[in-house]
Every structure is written in structure tokens, then in C-alpha cells.
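S.K.: Any chance you could fold what I've pasted below:
(chains A and B)
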Amino acid sequence: MKKHAAILMAAVTLAAACLGGCSGNGTTHTGQGGVQHVRLMVWAPSEDQSIDSGQWLQKSCDAFAAQHPEYDIEFIYGVADEATAASQVAQDPEASADVFMYANDNITTLTNAKAAAKFGGIYREQIESTSSETIVNSLTLDGFLYGVPFTTNTWYMFYDKSVFSEEDVKSLDAMLEKGVVSFPFTNSWYLPAFYVANGCTLFGDGTDEAAGVDFAGDKATAVTDYLIDLLDNPNFVVDSDGSGMAGLRDGSIKAIFTGSWDAASIHEILGDNMGVAAPPAFTLNGEEKQMMAYAGSKAIGVNATSDYMLPAIQLAIYLGSAEAQQLHYELRNVVPCNTELLARPEVASDMLVAAQNDTFDRTSILQPFVAAMSNCWSPVENMGKGIRNKTVTHENAGEQTQAMNDAMNSDGIS
Amino acid sequence: MKETRQVSAKRKRFVTNTIVHIVLAILAVIWVFPILWVILTSFRAEKGSYVSTFLPKSYTIANYTRLFTDTTILNFPKMFGNTLFIAVCSCILSTFYVLAVSYCLSRIKFKMRKPYMNMAMVLGLFPGFMSMVAVYFILKALGLSEGGLIRLALILCYSGGAGLGFQIAKGFFDTIPRAIDEAALIDGCTRWQIFYKITLPLSKPVIIYTVLTSFIGPWVDFIFAKVICRANADYYTVAIGLWRMLEKEYIDSWYTCFAAGAVLISIPIAILFMFLQRFYVDGMSGAVKG
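M.R.: The predicted structure is shown next:
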């Protein structure tokens, strides 16, 4: 079956290269009048399909079908959110959706299972022409492109405008003087922002697994020392298990770090006072350092074992197009990433879109998705917990930072 | 002299009892604490997953109504229905399997009896999850991994291995004297008639026990349901639904509903237990009297 899939793949890449005209992959059935019957299974999060949030998926798929009279498409919808879709597809590609949505940190799960189709030819050009280079890189592995990006995925800062001015939110130190700031200190998706700010690196530029993690030496120890002091600041509160959100709700906390998924709840709490901004800079030994968030993307992927490869690829392209992204934004506030769409004034003026894109472009690094990245989560989390529990102190900061670095560079077996 | 000794013995008993009761009360509080907390959270009006006070500041039943009215994203009533259906069917099937296997092993002597019991013992030592991937692919090969047949697939999963868990029921059947069976045989009963006319009525406690365990298994199972349901949201069970409520996109607005859901799923088990407990206690006084 794998061989079969490979042939299919080759056929599609070829079809893509010769401007997509032919449908000669042998497994599709052509009905009467040259209309091809196509059965496409599409997986998306339940909000994309629910009536309350506008049925983005159904509307977009219907629009796609209307644009392609050459296909007689039967859509089958399934529920799989971006975080878990990749593992669902990898579990059994043949019984999975032809088109699905996934978060880019799962890309190796898909490629290891040989479950993701590569986008080539005109399709790749089309994606590259409407997306920023960074976001295309976030979906590229060994030179192959594995999906159509439709949004960026990162975290940034939500704050109370009545407490902090737009000038304040550029600096964590200025903020801490004015109000209480809560940060997910024990969450390893957030904490590395401080280390990366001071020149620590993960896998070279994020793709070089052999380069390993560099969270060691004086630069990292300086950050650990800074974090120990930061925790002693009475205006700094650790956010864990939703305590930041609860604090925002009861007014004891004025700024938290999270992403677009909490935007609606925060808007409900702060109303017009809600401000959104990229992570601030902080002062380390007299120098200004910019916090750098982990960033990724969410993309529409195509199953490499799909029986209807060409329509599947075309549907994926459509679901990631400016038109579909705009509908997604209107119905569900999904921040678009299409460069044409972002240039439009009504989109560009949206605070959330601006902050998310500013974070993505300026104050983030691509979250590495090399396999060894899986060793990097627990050591950082343990460092955060160690600092919170006061087991990491100024006396042993160097030693503990080195231990974290060693653990990040080891899979714990060898 | 005699009196004072009596008084001091009384006092000593009183002191001991007091200490014992205090310790028991503390233990009871610790034990009930999490349950109480879940119930309180299910009635909490403040949103969010984290609160700074133990007792909610205001109470509401909106969390319960939301579970049954806000069904477009997480369809709780449907999941509840799916789970109930699957659990009831699996319960009936597994109970029958367990009792039938136990009866055979207890009453009929056949060549493979000992080897079968040994094999079941050894197989029982392995966790069921080990076979999960194989089970999934077998179900897929049979065409049971899509659409409405998912329910059947889950019922088969939960009840299929029941025959291996015969030990307790067999142990119970062994305590029913053979003489009763022999008397029935002389009166002209078949094996099957002995089973349902003589043995079963005498075995209420163990039937109750089997029913309870085979209902709770599928009712609370998460992992098989997750592997088999995959993206078919229409066939999700309650366990998957509750798990999804805690994902980062939902946790802030669904957390209190999650607690409400947790309270609701404990109700069928509680009812089943309260209703069947009577027989359980009755039966424990002995299988056969006289």
C-alpha cells in the first residue's frame, strides 16, 4: 500500500508540475459527462463546523465545490482539532481524512508516518506567493512543503489599558512598577522566552538537530539569576492552572501571557480596556533584552494516501486561500496569515491581528520541530518549578542551569 | 472501690471511642473532600478553571443547563446517550459471558478446563491496552470503525474479553453444593435448566457484583473509546467529551460544566449501586441455608 501511495504521490506532483490538467492517477472514477465523482473526508475542529460559530468548514467546502463543476464532491466531515489531528492521521493514514488541519509542531509525526502529501509545482508557488517566508519555513522539512498555512500560532501579552500605557508594555520592568503581571513561569512553552532573549539557541537555527541546544554558560546563568530576582518582585505572579485568568477576572492581575484562544474570555473581562501586545523586553544587567516567544503555524494538510489527490490538494489550497481565511476571521476571529489579507486596512487595524503578527515577525523564534525537541520540555519546566520552589538559588544557579542544558541535550537513555 | 474501677473503665472506653471517632471523622472529611469540591464547582457561578476561594462566591445551575443546551461544539446529551447505550449493552453481554464461563468451569469437568484456567490467568496478567492497536486494525478490517458501527465495535471491545474474568464468579459457584445440582438432574433438569433455575437464583450477590463491574468498565473507559472513535464526533463517549472540555481552547469557559458533567456521570453508577446493594448484602449472608 505504501508503494501504491508513493506512485500516487509521484503522479500528483507530476500533475501539479504540468499545470494540474490531467487526472491520470488511475484510482478515480469518471462519471457521466466528464464529471468526476470525488469522496473527500475533511477533518477540522468542532468550532469550524458548529452552527453557532457560522459553519466555516461547510461554507468553504461548498464554495469550493461551486468553483469546481468538474467534480461531483461528496464531503464527509469529522472532528479533529489542530493539536491532535496529526496523531490521529498518523495512527492510520488510510482511514483518515483526505484534508485535515494541524499545528506545525506535529509535522514530524506526520512525516514519520508518511502521511502528509508534499506540495509542489504551481501549488507551492501559490502558497509561497501569499505567505511570509517564515511561515512557509515553519511547514518545510528537508526542502519539502507539507501544508497550506492558514494562521500563526504563538503567545503574546494581554493587558489592562487603564493600568499600562502603550509605552509601558514595551518593557517588563516598566510594567512591574505599575501593576501586577502574571506569567506562566512553570510552563515550558513560555519560559524559554527569557533564555532565547539572551542568545540561547535551540538546534542552531531551529532545524539543525546535530547542533543541539545551547542553554548553557554565562548567558543562560545570567537569565536564571534574573528569573530568581523576578520572582521576588511583589508585582510578579506565577500563572499556573488558570490562576492568571482568575486574577484578571477578580482584578488582582493586570497583564497575562496567553494566545488568541483566550481572547474572547479576556475581552469579556476587560471590555474596551483590553490591550494586546507582543511580549515586552526586560533589562538584564543593564542591557535591554527582547523576550522571544515560540511561534508556529497551523496548516491544512493533505493525506498522502488519499484516493483523490488532486481535488484534495485543490481543496487544501482553497481552505488556505485569502477568501477562506477572511471568512475564518469574520466568523471565528482566526487571525489570518495571508499577506494580501493582512495588508487590508480593516484587518491590519485589528489589535489582536496586529499583536499576533508583530509577535510572529519580530519577537519570536520558530519553535523547532526536530525530534530531539521532545527532550526540551521537561527540563525547562523543572527549572521554572525549581525557581518557584526556591530550590534554585543564586548560589547554585550556574550548576542548575548547566544541569538543565545537559538534560535538554539528552534523551535520558544514552 | 469496685465502682470507681467501673467508672474509670467507662471513661477509658469513652476516651478511646472519642479518639477513634475523631480520627475517622478526619479521614472521612479527607475522603469526601474531592467529591464535595467537584459538586461545589459544578454549581459555581464564577467562570474559569482557577478560583482563590474554596467555597464559590455565588451559585447557579446554569452549568447543568448549558451541558444540555449548548450542544453545537460539545454535544453532551448525545455523548451521554452513546455511553449509556454502550455501557448497558456491554454490561448485559459481559455478565452473560462471565456467568456462563464460570458455571461451566465450576460444574463441568472437561479436558481443557485446567489449561484454560491457566491460560486465562496468564492472559489476565497483561494490560488490555497492549492489544489496542491490534484491536483497532481488526475492527477496521471488519468495517466496524466507521459510522454507526462504532458503537457495536465498542460494545464488542468491552464485552469480548469478559470471559477471562471468571475467577470470582467461579469461586462463588463452587460454594453451591453439588448435591442440589444432582437432585435437579434426578428430577429431569438439563444443564441449562440447572443453570438458570437453580444456580442463578442462588447467586444474586455474585451476579450483582458482575453487573456492577461490567457496567462501570465501559462507563468510565477513555482509551479504547479514543482510539476507536477518532474523528467521529457523533459517537464520542462522555469520557472523551469531558477530556475535551479541559483542552486549552475550552477550559476557561467549560471548566464548571466539566464538573457538572462529572457529577452527572456518577449518578447512574450511584443509582445502580444503591439499587443493587440490597441484594448484595442479602446474598453475602450465605449462598444456601439449611
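
S.K.: Distance of the residue of the stretch 151-290 of chain B at minimum distance from chain A relative to residue A:249?
M.R.: Among all residues of the stretch 151-290 of chain B, residue B:231 sits closest to chain A, at 3.2 Å; criterion: Cβ to the nearest Cβ. Any C-beta I mention is one placed from the backbone N, CA and C, and that applies to glycine too. Here residue B:231 is placed at a distance of 34 Å from residue A:249 (Cβ to Cβ, to the nearest Å).

S.K.: Name the residues that touch whichever strand or helix holds residue A:62?
M.R.: If you go by DSSP states H and E, residue A:62 is part of helix A:56-67. Here helix A:56-67 makes contact (Cβ atoms under 8 Å, 6 or more residues apart in numbering or on different chains) with A:40, A:42, A:44, A:48-49, A:71, A:73, A:75, A:77, A:314-315, A:318-319, A:323-324, A:327-328, A:331-332.

S.K.: hmm, try it at 7 Å
M.R.: By Cβ atoms under 7 Å, 6 or more residues apart in numbering or on different chains, the list of residues contacting helix A:56-67 from outside reads A:42, A:44, A:48-49, A:73, A:75, A:77, A:315, A:318-319, A:324, A:327-328, A:331-332.

S.K.: Also stretch B:129-137?
M.R.: B:157, B:223-224, B:227-228.

S.K.: Same question for stretch B:256-265.
M.R.: Counting by Cβ under 7 Å, 6+ apart, residues outside stretch B:256-265 touching it are B:38-39, B:41-42, B:44, B:47, B:63-64, B:66-67, B:76, B:238, B:242, B:245-246.

S.K.: Could you export that stretch as PDB, CA atoms only?
M.R.: Extracted C-alpha coordinates of stretch B:256-265, given in PDB (Å, rounded to 0.1, in the frame of the first residue of the first chain):
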ATOM      1  CA  THR B 256     -17.500  24.400  35.600                       C
ATOM      2  CA  CYS B 257     -19.600  22.400  33.100                       C
ATOM      3  CA  PHE B 258     -16.900  19.800  33.200                       C
ATOM      4  CA  ALA B 259     -17.600  19.500  37.000                       C
ATOM      5  CA  ALA B 260     -21.300  19.300  36.300                       C
ATOM      6  CA  GLY B 261     -20.700  16.600  33.700                       C
ATOM      7  CA  ALA B 262     -18.600  14.700  36.200                       C
ATOM      8  CA  VAL B 263     -21.400  14.800  38.800                       C
ATOM      9  CA  LEU B 264     -23.900  13.700  36.200                       C
ATOM     10  CA  ILE B 265     -22.000  10.600  35.100                       C
END
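
S.K.: coming back round to it: show the buried residues in the contacts of stretch B:129-137.
M.R.: Among those, those classed as buried by 16 or more other Cβ atoms under 10 Å in any protein chain shown are B:157, B:224, B:227-228.

S.K.: want to throw the contacts of stretch B:129-137 into JSON lines with distance to chain A, secondary structure and pLDDT?
M.R.: Converted to JSON lines, the contacts of stretch B:129-137 look like this (distance: Cβ to the nearest Cβ, whole Å; DSSP: H, G, I helix; E, B strand; the rest coil; pLDDT from 0 to 100):
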{"residue": "B:157", "distance to chain A": "16", "secondary structure": "helix", "pLDDT": "91"}
{"residue": "B:223", "distance to chain A": "13", "secondary structure": "helix", "pLDDT": "90"}
{"residue": "B:224", "distance to chain A": "13", "secondary structure": "helix", "pLDDT": "90"}
{"residue": "B:227", "distance to chain A": "7", "secondary structure": "helix", "pLDDT": "89"}
{"residue": "B:228", "distance to chain A": "11", "secondary structure": "helix", "pLDDT": "90"}
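
S.K.: biggest separation within those residues, which pair?
M.R.: B:157 and B:223 (10.5 Å; Cβ to Cβ).

S.K.: Which residues are in contact with each of the two?
M.R.: By Cβ under 7 Å, 6+ apart, no residue touches both residue B:157 and residue B:223.

S.K.: And the helices in the stretch 101-250 of chain B?
M.R.: B:113-124, B:132-141, B:149-160, B:167-174, B:178-186, B:191-193, B:200-202, B:204-220, B:223-229, B:238-245 (DSSP state H, counting those that start in this stretch).

S.K.: Leaving out sequence neighbours, find the closest residue to the residue of the stretch 151-290 of chain B closest to chain A.
M.R.: Distance criterion Cβ to Cβ, 6 or more residues apart in numbering or on different chains; nearest residue to residue B:231, sequence neighbours excluded, is residue A:78 at 3.2 Å.
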